[in-house]
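J.: model the following, please.
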Amino acid sequence: IYNSAIFFKGEGIEKYDKVHLVPFGEYVLFKDILFFIRKITDQIGEFTPGAEIKNLDFKGHAISTPICYEIIFPTLVRHFIAKGGELLVTQSNDSWYGTTSAPYQLLAMSLFRSIENRRFNLRATSSGISAVISSTGEICEKAGLNREAAILAKFKYIKSKTIFTRFGFLFPFFNLLAILIWRFLPWIVKKTKGPSVK
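T.: Model (predicted):
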């Protein structure tokens with residue numbers, strides 16, 4: 001049993017199976033050890049994680065479809081785009097969050113995935129907050145929490161890739177390395193020169 005995004009194309013379908021499942025929501029983490037969890041809740045699913053991250057094809061355009069909370073993971077979303085994704089389309093069941101801050105937090109995290117990869121994000125949720133997010137992280141259109149709505153908005157398919165999409169977290173690691181060299185280089189130089197002779 002998979003949690004999937006399915007695109008109906010005439011008589012055929014394309015499908016992406018969610019690879020990053022929600023622990024204690026879509027599967028029981030360490031179920032052999034935590035066997036008693038099953039007695040506490042019957043809401044936990046027994047889903048199988050998908051085998052690979054893949055994009056769906058729509059008229060020659062690659063659509064990336066991270067499902068629900070997959071949008072919070074920068075590396076996972078980056079892999080979608082690195083594989084040619086031109087547009088993010090996110091489906092999420094936010095109803096189990098109720099009126100907490102969680103739907104707002106998920107929306108905020110979605111903005112960063114758009115900024116990191118420079119992709120529009122068409123976000124559809126069961127109870128809000130649905131939105132159209134630009135490639136620069138601006139909310140173009142938005143439907144409020146627990147509001148039924150249909151959103152019409154312009155978006156673009158984008159093929160160019162950012163430094164983050166191409167190289168991931170290499171830039172922050174490079175910065176860390178530069179700081180370490182800057183901090184310890186004087187000490188290393190001093191040690192290699194040896195004691196000064198008077």
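J.: spatially central residue in this protein, please.
T.: I71 (2.7 Å; C-alpha atoms, centre = their mean).
J.: that one against S110, yeah?
T.: Yes - assessed by C-beta atoms under 8 Å, I71 is found in contact with S110 at 5.2 Å. C-beta: built from backbone N, CA, C; applies to glycine.
J.: lowest-confidence helix or strand of this protein?
T.: In the chain, no helix or strand scores lower on mean pLDDT, DSSP states H and E than helix 37-40, which sits at a mean of 58.
J.: before we move on, the earlier item: give the residues shared as contacts by I71 and S110.
T.: 90, 121, 123 (C-beta atoms under 8 Å, 6 or more residues apart in numbering).
J.: possible to save those residues as JSON lines with neighbour count and pLDDT?
T.: Output for the shared contacts of I71 and S110, formatted as JSON lines (neighbours: other C-beta atoms under 10 Å; pLDDT from 0 to 100):
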{"residue": "T90", "neighbour count": "25", "pLDDT": "95"}
{"residue": "N121", "neighbour count": "27", "pLDDT": "97"}
{"residue": "R123", "neighbour count": "24", "pLDDT": "95"}
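J.: okay if I get these as CSV plus distance to K15 and secondary structure?
T.: Output for these, formatted as CSV (distance: C-beta to C-beta, whole Å; DSSP: H, G, I helix; E, B strand; the rest coil):
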residue, distance to K15, secondary structure
T90, 16, strand
N121, 20, strand
R123, 20, strand
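J.: what's the offset of the lengthiest helix in the chain from the middle of its chain?
T.: Longest helix of the chain, by residue count under DSSP state H: helix 170-193. Distance of helix 170-193 from the chain centroid (C-alpha atoms, centre = their mean, to the nearest Å) equals 33 Å.
J.: ok, back up a step: out of the shared contacts of I71 and S110, who's nearest F171?
T.: N121 (22.1 Å; C-beta to C-beta).
J.: quick one: that closest one and L88 touch, right?
T.: Yes - if you go by C-beta under 8 Å, N121 and L88 touch, sitting 4.0 Å apart.
J.: mutual contacts of these two, please.
T.: 71, 113-114.
J.: which of those fall within helices?
T.: 113-114.
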